[in-house]
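[1] Kindly return the folded structure for what I paste below:
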Amino acid sequence: MPIKTAVIGFGYWGPNLARNVFQSSSMKMEVICDISQSRLDKAYKLHPSVKLTTDFNTVIDDKRIEAVFIATPVNTHYELAKKALLNGKHVLLEKPMTGSFKEARELVEIANKMKKVLLVNHIFLYNGAIRKIKEIVDKKDLGDIKYIDSTRINLGMFQQDINVLWDLASHDIAIVNYLIEERPRYVQAIGKNHYHPDIENIAFLILHYNSGLIAHFNCSWSSPVKIRQMLIGGLKKKIVFNDIEPSDKIKVYDSGMTFKTLKDKQKVLVDYRVGNITIPKFSIDEPLTLVIEDFTKAVRMNKKPLSDGKAGLEVVKILDLAQKSIKQNGKLMLYK
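    Numbers count the residues shown, from 1 in each chain. Presented below is the predicted three-dimensional model:
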């Protein structure tokens, strides 16, 4: 039997969720809920057979609804997801999971207690290019990874309840946590708010690891150009992932350097190696379709989803520490 589902929030991302639920043979969309009547009018044009409501409680009280997909502003995630879980619903929650580590941890605890699926939609974990990079990393083709440098900048979209790191870096933190089993030792961040007194529109985040790995994230809503690029540097090979590229999104550079200390130990001889560039092929399946499939398996087959509550919690933990670091002028915050 299809999972009877409700989509909560029909703004920026809700229509994409609704479309994929509607197209899925494993799901049946029963209700679309949004506080805006104009958005519900839009939903009616796209899905005239689906019940519409502005009242979230009617969804919660509907015993037929097994799962809710929440695509609302971040400051509402905790309250809505908590009510849904406590009322016996499985939950797919948009990223970032919540606006604080404390709230995210409580949701994970409730989901475990209620034995309900909590999937946080870090959609890049279902992206074919990122999965291919994971495959390359796991095969140790890159050697020991020593640095990750991520840039995610554009002009807008300004958020009203979270800063640029919570909005943009949440993607790349999730990717790094997926690629690298190690978790950071310290979190450090600086940022500036040029338009809103409390919301940074430009920020830089650094994760420091015990292994010597360093990960750097550059995020901005104020850039005149859109860049979506991640560099992954291993001792053997390097990867450049450019999500803006229409086809050749992944390039693997067989290049590196070796160091030799001379006899007087005051000089180092550096030997550079520049080899071939390979462009791996990867699946182009729509990531959101794979998210729906993963959620369905988790609900019906009791399988842990790839982007479960714990994965969402780890991202929020880093963001929460980054926010504290910004407020303390870039202080190193211990990840524990």
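
[2] Please make it C-alpha for all contacts and neighbour counts, starting now.
    Fine.

[3] can I assume Ala111 sits in a strand?
    No: Ala111: not assigned to a strand; according to DSSP: H, G, I helix; E, B strand; the rest coil it is helix.

[4] since we're on Val268, how many residues are nearby?
    Residues lying near Val268 (other CA atoms under 10 Å) number 13.

[5] Name all residues that make contact with the closest residue to it other than its chain neighbours.
    Leaving aside its chain neighbours, Val268 sits nearest to Thr261 (4.5 Å; criterion: CA to CA, 6 or more residues apart in numbering). Shown in contact with Thr261 (CA atoms under 8 Å, 6 or more residues apart in numbering): Lys267, Val268, Leu269.

[6] Mark which of those residues are part of strands, please.
    Among those, DSSP state E puts Val268, Leu269 in strands.

[7] which of the contacts of Thr261 lies closest to Lys140?
    When the contacts of Thr261 are compared for distance to Lys140 (CA to CA), Leu269 wins out at 26.4 Å.

[8] show me the contacts for that closest one.
    Counting by CA under 8 Å, 6+ apart, the residues that Leu269 touches are Phe259, Lys260, Thr261, Leu262.

[9] Present those residues as CSV; the columns should include pLDDT and distance to Thr54.
    Listed next are the contacts of Leu269 as CSV, based on pLDDT from 0 to 100; distance: CA to CA, whole Å:
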residue, pLDDT, distance to Thr54
Phe259, 71, 65
Lys260, 75, 68
Thr261, 75, 70
Leu262, 70, 73
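
[10] could you dump those residues to CSV with distance to Gly143?
    Below are those laid out as CSV (distance: CA to CA, whole Å):
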residue, distance to Gly143
Phe259, 16
Lys260, 19
Thr261, 22
Leu262, 25
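
[11] and which of these is nearest Leu17?
    Phe259 (51.0 Å).

[12] now the stretch 201-336 of the chain, which segments are flagged as low pLDDT?
    263-265 (pLDDT under 70).

[13] ok, back up a step: would you turn the contacts of Leu269 into a markdown table with secondary structure?
    Formatted as a markdown table, the contacts of Leu269 follow (three-state DSSP):
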| residue | secondary structure |
| --- | --- |
| Phe259 | strand |
| Lys260 | strand |
| Thr261 | strand |
| Leu262 | coil |
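
[14] From Lys134, how far out is Lys251?
    14 Å (CA to CA, to the nearest Å).

[15] Also Asn177?
    From Asn177 over to Lys134 (counting by CA to CA), the distance is 11 Å.

[16] and if you look at Met257?
    In terms of CA to CA, Met257 sits 23 Å off from Lys134.

[17] Repeat that for Pro287.
    Pro287 is 15 Å from Lys134, by CA to CA.

[18] Kindly report the same for Lys331.
    Distance of Lys331 to Lys134, computed by CA to CA: 31 Å.

[19] how about the helices in the chain?
    Ranges of helices within the chain are 14-23, 37-46, 56-61, 74-86, 101-114, 128-138, 164, 170-179, 287-301, 309-327, based on DSSP state H.
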